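In: predicted structure and sequence below. I'll ask about it afterward.
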Amino acid sequence: MSLAAFLAELDELQSAGQRALDEAQDAAALEAARVEFLGAKSGRLKALQKQLGAVPPSDKPAAGKRFNELKQALDAALEGARQRVESQRAAAVDTTFDPSLPGNTRPLGRLHPLTQTIQELQEIMGRLGFSVADGPEVEDEFHNFEALNIPAAHPARDPLENFYLSTAGKVVGGPYLLRSQTSTVQIRVMEQTRPPVRVISLGRVYRPDTADATHYPMFHQIEGLLVDRRVTMADLKSVLRLFAQSYFGGDVHIRFRPSFFPFTEPSVEVDMTWHQGWIEMGGAGMVDPHVLAAVGYDPDEYTGFAFGLGVERVCARRHGVADIRDFYRNDVRFLRQF
Ligand code: FA5
């Protein structure tokens, strides 16, 4: 091969290689051009190098010099093209990403206000040293009534005042009913533990009450029970005041009104006021000695207090909800506010 013919091919390769690298618009096209021209195995530069052997020996120095210049030129063109493609890519990203635009927010779910309240009440009472106890929602008459000093003839046991399950006579231990108060858990805890006892229990209770602004047929109660030596009514009031102040804030007031519950003696109705009039939050009292004796505690050695508050009522008062039925309407516009 003559020197002239070699140099002509070399020039052709240079302009073709330069053009291919200049025209590559992305990394894939650039890589294809690199393999075609500079590929180590079958690139066109490699093929030309082989032809160098066919050039007459006297022309080899000149041909070799030009070949090296071509290789350097194509290497430099490749590097230049790489930088250009990279900066084009970066510029393209910059124009599509505007960090000042509002993002695509996904609507996040949240806990139901009553669940939030239950968690907060547990936390407050936990700080006062009360641990959480649990009991079944389907109860027997012993735990819902008898052990709480509510005898068979008591009007609270009227089938019309309770949700009895139609299992009477069909299952062992029945009849069963949906518990009407969390006080059932007091009995279950005392049956299983020796004093001192310091527990709360939070959960659903059921009564065939007509739904109105302050009543619902299914609602939640928080029950507290503390049994130890020398527990007094002053302790009950202190705990309820601390509880109310933690939940509502320092400007809440509580008052006791004399009342009656078969399982506490004396018994009180607990009212609270916070920003507006008094509202009944629950019942409370000193655990009746009969109840203590029935679970095997010595009433001469131990005394205790218990209370049961309506969770819907405290939550509604704190958030200014006028009607507790709103908690159960499942209107997300309402629920989103919590
Ligand atoms: C009781 O249920 C007693 N177990 C409370 C108790 C516990 C007394 C421990 C002594 C010792 P009462 O029936 O008053 O008491 O209900 C307590 C609270 O539950 C009420 O003050 C009220 O806040 C709430 N409550 C009662 N019925 C409903 C209802 N239908 N809907 C919403 N909340 C209710």
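Out: Structure received.
In: residues of the stretch 151-300 of the chain that sit close to the ligand?
Out: 181, 183, 207, 209, 215-216, 219, 221, 223, 261, 264, 267, 280-285 (Cβ under 6 Å from any ligand atom). Yep, even glycine has a C-beta here, placed from its N, CA and C like the rest.
In: tally of neighbours for residue 310?
Out: Residue 310 has 22 neighbours, counted by other Cβ atoms under 10 Å.
In: bridging residues for it?
Out: Taking DSSP bridges, one finds residue 221 as the beta-bridge partners of residue 310.
In: got a pLDDT number for it?
Out: Residue-level confidence at residue 310 comes out at 96, pLDDT.
In: my read is that it contacts residue 216, right?
Out: No: contact between residue 310 and residue 216 fails when scored by Cβ atoms under 8 Å: they sit 9.6 Å apart.
In: what do those two both touch?
Out: Residues within reach of residue 310 and of residue 216 at once, by Cβ atoms under 8 Å, 6 or more residues apart in numbering: there are none.
In: circling back to that earlier point, filter the residues of the stretch 151-300 of the chain next to the ligand to the buried ones?
Out: With burial judged by 16 or more other Cβ atoms under 10 Å, the buried subset of these is 181, 183, 207, 216, 219, 221, 223, 261, 264, 267, 281-285.
In: identify the residue with the minimum pLDDT among these.
Out: Confidence-wise, residue 281 trails the rest of those, at 92.
In: wait, isn't that one in contact with residue 274?
Out: No: under the criterion of Cβ under 8 Å, residue 281 lies out of contact with residue 274, with a separation of 10.2 Å.
In: can you list residues touching both of these two?
Out: A shared contact of residue 281 and residue 274, defined by Cβ under 8 Å, 6+ apart, is any residue touching both; here these are residue 317.
In: so, low pLDDT: which residues of the stretch 201-338 of the chain?
Out: Counting by pLDDT under 70, the stretch 201-338 of the chain shows no low-confidence range.
In: let me see the contact set for the closest residue to the ligand within the stretch 201-338 of the chain.
Out: Minimum separation of the stretch 201-338 of the chain from the ligand (Cβ to the nearest ligand atom) falls at residue 310, amounting to 2.4 Å. Shown here is residue 310, whose contacts under the criterion Cβ under 8 Å, 6+ apart are 219, 220, 221, 281, 282.
In: any idea how far the closest residue to the ligand within the stretch 51-200 of the chain is from residue 266?
Out: Residue of the stretch 51-200 of the chain nearest the ligand, by Cβ to the nearest ligand atom: residue 181 (3.7 Å). Counting by Cβ to Cβ, to the nearest Å, the separation of residue 181 from residue 266 is 18 Å.
In: again, but for residue 148
Out: 16 Å.
In: now for residue 138, how many residues are close by?
Out: Other residues within reach of residue 138, judged by other Cβ under 10 Å, total 13.
In: that one contacts residue 178, doesn't it?
Out: Yes: under the criterion of Cβ under 8 Å, residue 138 makes contact with residue 178 at 6.4 Å.
In: what do these two both touch?
Out: Taking Cβ under 8 Å, 6+ apart as the contact definition, residue 138 and residue 178 share the neighbouring residues residue 165.
In: narrow the buried ones among the residues of the stretch 151-300 of the chain next to the ligand to those in strands?
Out: Members of those lying in strands (criterion: DSSP state E): 219, 221, 223, 261, 264, 267, 281, 282, 283, 284, 285.
In: what's the average pLDDT for stretch 128-147?
Out: This predicted structure assigns stretch 128-147 an average pLDDT of 95.
In: SS state for residue 147?
Out: Taking DSSP: H, G, I helix; E, B strand; the rest coil as the rule, one finds residue 147 in the helix state.
In: so it touches residue 296, yeah?
Out: No: using Cβ under 8 Å, residue 147 is not in contact with residue 296, being 11.5 Å away.
In: give me the more crowded residue out of these two.
Out: residue 147 (22 against 9).
In: what's the spacing between residue 224 and residue 285?
Out: With distances defined as Cβ to Cβ, the gap from residue 224 to residue 285 amounts to 11 Å.
In: cool, and residue 15?
Out: 103 Å.
In: for residue 259, phi and psi?
Out: Dihedral angles of residue 259 (phi, psi; degrees, to the nearest 10) stand at phi -150, psi -170.
In: the nearest residue to it once chain neighbours are set aside: neighbouring residues, count only.
Out: What sits nearest to residue 259 in space, not counting adjacent residues and going by Cβ to Cβ, 6 or more residues apart in numbering, is residue 269, at 4.2 Å. Neighbourhood size, residue 269 [other Cβ under 10 Å]: 17.
In: residue 269 belongs to a strand?
Out: Yes: with three-state DSSP as the criterion, residue 269 is assigned to a strand.
In: bridging residues for it?
Out: Each beta-bridge partner of residue 269 is listed here: residue 257, residue 283, as defined by DSSP bridges.
In: show me what contacts it?
Out: For residue 269, the residues meeting the contact criterion (Cβ under 8 Å, 6+ apart) are 256, 257, 258, 259, 280, 282, 283.
In: what is the neighbour count of the second one?
Out: Summarising burial for residue 257: neighbours were counted as other Cβ under 10 Å, giving 12.
In: would you confirm that it contacts residue 266?
Out: No: using Cβ under 8 Å, residue 257 makes no contact with residue 266, being 11.2 Å away.
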